[in-house]
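Peer 1: what follows is a predicted protein model with its sequence.
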There are 2 protein chains.
Amino acid sequence: MADKTVFRATTTAPVNIAVIKYWGKRDASLNLPTNSSLSVTLSQRSLRTLTTASCSAAYPASEGDTLALNGKPQDIASSKRTVACLSHLRALRRELEAADPSLPKLSTYPLRIVSENNFPTAAGLASSAAGFAALVRAVADLYQLPQSPTELSRIARQGSGSACRSLLGGYVAWRAGTQADGSDSIAEEVAPASHWPEMRALILVVSAEKKDVPSTEGMQSTVATSELFATRAQTVVPARMSAIEAAIRDRDFPAFAEITMRDSNTFHATCLDSWPPIFYMNDVSRAAVRLVHDINRVVGKTVCAYTFDAGPNAVIYYLDEDSELVAGTFKAILGSAIEGWEGPFGDRLKGVTAGVDLEKLDSRAVDVLKNGISRVILTGVGEGPVKVDTHLVSETGEIRSAQ
Amino acid sequence: MADKTVFRATTTAPVNIAVIKYWGKRDASLNLPTNSSLSVTLSQRSLRTLTTASCSAAYPASEGDTLALNGKPQDIASSKRTVACLSHLRALRRELEAADPSLPKLSTYPLRIVSENNFPTAAGLASSAAGFAALVRAVADLYQLPQSPTELSRIARQGSGSACRSLLGGYVAWRAGTQADGSDSIAEEVAPASHWPEMRALILVVSAEKKDVPSTEGMQSTVATSELFATRAQTVVPARMSAIEAAIRDRDFPAFAEITMRDSNTFHATCLDSWPPIFYMNDVSRAAVRLVHDINRVVGKTVCAYTFDAGPNAVIYYLDEDSELVAGTFKAILGSAIEGWEGPFGDRLKGVTAGVDLEKLDSRAVDVLKNGISRVILTGVGEGPVKVDTHLVSETGEIRSAQ
């Protein structure tokens, strides 16, 4: 009679938002980037993926590995990226089993993986980074792999480039590396969250709009067609990486903010310079840009910074001490009725209804923003993946939900 | 008794729309550009400045030189650029008078200059190019200067950079030059309008919006702060200048169109990369971009090209033979009730109410465009300044209007 034991490991993994953007692959199948990037890992008290990896000799071999995402079965076989991650993890487990024959032969069992995001459905947040980070971390825990997060980042990168940065907390650099096999294209901690815990992020979710070019397709187009792209990748980004690491080390918010904003702008400039051009920012995004510059001007110093990924949503970084000035201003513009002002980072804003004098801001930008934002997410810098015991697979292998 | 003779010369001058953009000065006082540019001179049957230059020994010396623009007296003394143009022209006249003492001493008389644009008031078209070209041409005619348009372009350039290109018709290059004194920074004809007379331009005038950064200020900011700017000026534009001159020589519309669109995008990319970022295009502009790409896709070849100056208005270039496909599509989207479909270039579109199948175009872009365009201007390639005798100053020196 077959062993019915179900082996399980469950982890949460965070979202990260880059301040030096990843855009362009030098190797598409290995997800090797043309330039290094740097991100802030966001708190899992706000946004997280929860993933249970399980395996059992009792799981039917005919089904093979399975993955359910937000309650929906996924076709693993058709996802080369998922297959690549799992086969690397399995190979590492096989090494352990070869070295110590007393270990159960988990590498031979089918995997049953269940994953859930707690993101608001229409938030338009890229979930693949947190998703692949959680997948890799959960399977690595299930297999009791000794590899460090940085070593695992090499695997997660092959699932989704930016996923490698979600394996660590705080301020994380993804080194582009130079090796053809990608062995030195890894994520590493620049500083833990505890080094600069006051960093906050306000995500302004722009009302639904048809998504422009998907990012994988977009970045390949930029690499192939933008005549400005090489300058960013080869010259501009390396200088900015050094400068922003110094800003993080020195907790120098104005420097951090300026580099963040400029790199977001340069990234979107290379998108616009692609052929055909790619636009991710819209008039609502532009209004957010204008208002961030206006708030900094009115306050008389740089207290907030914007950054935009491959979509119109604005992420506004600021320090906790400036919550009233920054988040308070956006709350005054958007109104407290809009969803997202509550939650783990909402305490400081309770009762706050005003920031800087709205009369001193561009009135057109205020109007455009007010009519263009559907919800906000209030969060801040946070930790890397965390092992938990709220398993999404029961002791007998049934799938269940955390919700 | 003083001679009461009023000497007069009147000229019209055209607008030009660059396909390789001028953006950035290497010398701000001489208006020397960082890169060469190329434009299409637009027909004066649609858009023109009409300028009369007059002078007389009877004009009161106490008033000095005077200039009235669209009926409003201008303060010449406060416009360094106007003063620079007039003093250069006067110096050339002085040379003539020195060589031939029989000539009247016009260089010693006060100038009375009157200028009128026929542009629709809210069109948001840069009128300075046509204005300075007309001013220089009219005074040069008044002074009977022997200098060629290219030689005069050196003077007009100091009034407004792009004005140098409005001294010639057809397809005009402004060579950046390398001399510190600007002596080789001049405009020259690449091809006359008659070489490729089928070129049409449809200007989509975007509903009034607060103007962003003025272009002189904007270009200086880009030069000083954009880390991508040097690549465009030093590498990208020189290659595009050669390529588009070849496309014009060969009357190769698809090549002309692609270079035009890409250079507009690269120019706006360097604006976005400036610090703080400069945005001239808005969601209506983006919709026009999308629709041009869609029309080309539906037709199966490149029949239209967009370009954007320092503002949200789209200029769509196409060939006369594709009027129905291109202008017809925009007429179907915008409706024939909108102003601008009539006029000297409107014959071909009379009765046309449809172009390509609107169902095949991005429906969101169609909606955004429909709600965002206030009027159109239908025009085409045209000639340089023309001497006319509809003087805006009477034989006795009174200012009158052409309207």
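Peer 2: Cool, the structure landed.

Peer 1: what residues does the stretch 151-300 of chain A put near chain B?
Peer 2: Residues of the stretch 151-300 of chain A that fall close to chain B, judged by C-beta under 8 Å from any C-beta of the partner chain: A:209-210, A:227-228, A:230-232, A:235-236, A:258, A:261-262, A:265-266, A:268-270, A:272-277, A:279, A:282-283, A:286, A:289, A:293. Quick note: C-beta positions are derived from backbone N, CA and C, even for glycine.

Peer 1: contact partners for the closest residue to residue A:245 other than its chain neighbours?
Peer 2: Sequence neighbours aside, residue A:190 is the residue nearest to residue A:245 in space, at 5.5 Å (criterion: C-beta to C-beta, 6 or more residues apart in numbering or on different chains). Taking C-beta atoms under 8 Å, 6 or more residues apart in numbering or on different chains as the contact definition, residue A:190 lies against A:38, A:170, A:171, A:172, A:173, A:245, A:248, A:249.

Peer 1: now, of those residues, which are buried?
Peer 2: Buried members of the contacts of residue A:190, scored by 16 or more other C-beta atoms under 10 Å in any protein chain shown, are A:38, A:170, A:171, A:172, A:173, A:245, A:248.

Peer 1: tell me which two in these are the farthest apart.
Peer 2: Greatest spatial distance among the buried ones among the contacts of residue A:190 (C-beta to C-beta): A:170 and A:245, at 12.4 Å.

Peer 1: so which strand or helix has residue A:311?
Peer 2: Here residue A:311, judged by DSSP states H and E, is contained in no helix and no strand.

Peer 1: thought it was touching residue A:280?
Peer 2: Yes. With the criterion set as C-beta atoms under 8 Å, residue A:311 and residue A:280 qualify as a contacting pair; they are 5.4 Å apart.

Peer 1: common neighbours of those two, please.
Peer 2: residue A:212.

Peer 1: okay, helices next: where are they in chain A?
Peer 2: Using DSSP state H, the helices of chain A run over A:80-99, A:128-142, A:149-159, A:215-225, A:229-231, A:237-249, A:253-272, A:283-299, A:323-334, A:363-372.

Peer 1: and those as a markdown table, adding mean pLDDT?
Peer 2: As requested, the helices of chain A are arranged in a markdown table below (pLDDT from 0 to 100):
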| stretch | mean pLDDT |
| --- | --- |
| helix A:80-99 | 97 |
| helix A:128-142 | 96 |
| helix A:149-159 | 96 |
| helix A:215-225 | 94 |
| helix A:229-231 | 97 |
| helix A:237-249 | 98 |
| helix A:253-272 | 98 |
| helix A:283-299 | 97 |
| helix A:323-334 | 96 |
| helix A:363-372 | 96 |
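
Peer 1: most packed of those helices?
Peer 2: Each of the helices of chain A was assessed for mean neighbour count using mean count of other C-beta atoms under 10 Å in any protein chain shown. The highest is helix A:128-142, with a mean of 28.

Peer 1: any figure for the gap between residue A:188 and residue A:141?
Peer 2: Using C-beta to C-beta, to the nearest Å, one obtains 20 Å as the distance from residue A:188 to residue A:141.

Peer 1: and what of residue A:295?
Peer 2: Distance from residue A:295 to residue A:141, counting by C-beta to C-beta: 43 Å.

Peer 1: for residue A:169, same thing?
Peer 2: Using C-beta to C-beta, one obtains 16 Å as the distance from residue A:169 to residue A:141.

Peer 1: one more: residue A:60?
Peer 2: According to C-beta to C-beta, residue A:60 and residue A:141 sit 24 Å apart.

Peer 1: can you check residue A:290 too?
Peer 2: Note on residue A:290: its distance to residue A:141, by C-beta to C-beta, is 45 Å.

Peer 1: cool, residue A:287 as well?
Peer 2: When distances are taken as C-beta to C-beta, residue A:287 and residue A:141 turn out to be 44 Å apart.

Peer 1: and if you look at residue A:321?
Peer 2: Counting by C-beta to C-beta, the separation of residue A:321 from residue A:141 is 37 Å.

Peer 1: repeat for residue A:282
Peer 2: If you measure residue A:282 against residue A:141 using C-beta to C-beta, the figure is 41 Å.

Peer 1: what of residue A:92?
Peer 2: When C-beta to C-beta is applied, the distance between residue A:92 and residue A:141 equals 12 Å.

Peer 1: domain ranges for chain A, per the record?
Peer 2: In the domain annotation for chain A, the residue ranges read A:7-194+A:383-388, A:199-380 (the TED database).

Peer 1: among the ones you listed, which comes closest to residue B:117?
Peer 2: Nearest to residue B:117 among the domains of chain A is domain A:199-380; the distance by C-beta to C-beta comes to 27.3 Å.

Peer 1: contacts only, for the closest residue to residue A:24 other than its chain neighbours.
Peer 2: If you skip the residues right next to it in sequence, residue A:24 has residue A:34 as its closest partner in space, 3.8 Å away by C-beta to C-beta, 6+ apart. Shown in contact with residue A:34 (C-beta under 8 Å, 6+ apart): A:23, A:24, A:25, A:26, A:176, A:223, A:229, A:233.

Peer 1: thanks a lot, catch you later.
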